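> got a predicted model here, sequence first, then my questions.
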Amino acid sequence: MNAPQWVLADITALPEVFGRVLEAQQHLAAGRAATAAEAARMAGISRSAYYKYKDAVQPYRTSQPEQLLTVHLLLRDKPGALSAVLAAFADNGANILTVNQNIPTDGRASVSVSARTEHLTVPVEQLLQLLKSISGVEKLTRTEIGTTA
């Protein structure tokens, strides 16, 4: 089976059924429809059309800059340091997108972590303070703004 090849297109340039599938997905996500059949009916398409395209049509969601956080950390080369950093992100509602770690040299490793923050349970500044307080974190730089936290 071939891997999907994704494109970004204006919905008005596509056949109407794709927009209707998106509408049905919205009905399901919002709880206005309890089943795919009900959502399809509400969107004005057949259930078979919904199922045919439901996995191939997804809304394009942009992230606002304040919803993404990227930090660079200098960690001591000790067991559990990176794990504690990642746990702090997860425990506070951040969704980690990427983690890049360099091989430690001179007892320290450079690590970059990018995360979505729209579901944070604490303010970003509080998360940054928490990250800085973790044993093994020697330096933290918030690169989204380019300032050292």
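It's in. Residues are numbered from 1 along each chain as shown.

> secondary structure element for the residue nearest to R32 when sequence neighbours are not counted?
What sits nearest to R32 in space, not counting adjacent residues and going by Cβ to Cβ, 6 or more residues apart in numbering, is M42, at 6.9 Å. For the C-beta atoms, the positions are set from N, CA and C on the backbone; glycine is no exception. M42 is located in helix 36-43, with elements delineated by DSSP states H and E.

> CA-only coordinates of that helix in CSV, if you can.
C-alpha atoms of helix 36-43 as CSV (Å, rounded to 0.1, in the frame of the first residue of the first chain):
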residue,chain,number,x,y,z
ALA,A,36,-21.3,8.5,11.9
ALA,A,37,-24.6,7.8,10.1
GLU,A,38,-26.3,10.7,12.0
ALA,A,39,-23.4,13.0,11.3
ALA,A,40,-23.4,12.1,7.6
ARG,A,41,-27.2,12.7,7.4
MET,A,42,-26.8,16.1,9.1
ALA,A,43,-24.1,17.1,6.6
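
> quick check: buried residues in whichever helix or strand comes after that helix?
The C-terminal neighbour of helix 36-43 among helices and strands, as given by DSSP H and E, is helix 47-53. In terms of neighbour count (16 or more other Cβ atoms under 10 Å), helix 47-53 has its buried residues at 49-50, 53.

> helix 47-53: how far from the chain's middle?
27 Å (Cα atoms, centre = their mean, to the nearest Å).

> and the following helix or strand past it, what does it pack against?
Per DSSP H and E, the first helix or strand lying C-terminal to helix 47-53 is strand 68-76. When contacts are defined as 3 or more Cβ pairs under 8 Å, 6 or more residues apart in numbering; DSSP states H and E, strand 68-76 sits against helix 81-91, strand 108-116, helix 124-133, strand 137-142.

> tell me the mean pLDDT over the last one?
Across strand 137-142, pLDDT averages out at 94.

> what of the second one?
Confidence over strand 108-116, taken as the mean pLDDT, stands at 94.

> who touches stretch 22-38?
Applying Cβ atoms under 8 Å, 6 or more residues apart in numbering, the contact partners of stretch 22-38 are 11, 39-40, 42-45, 47, 50-51, 54, 57, 59.
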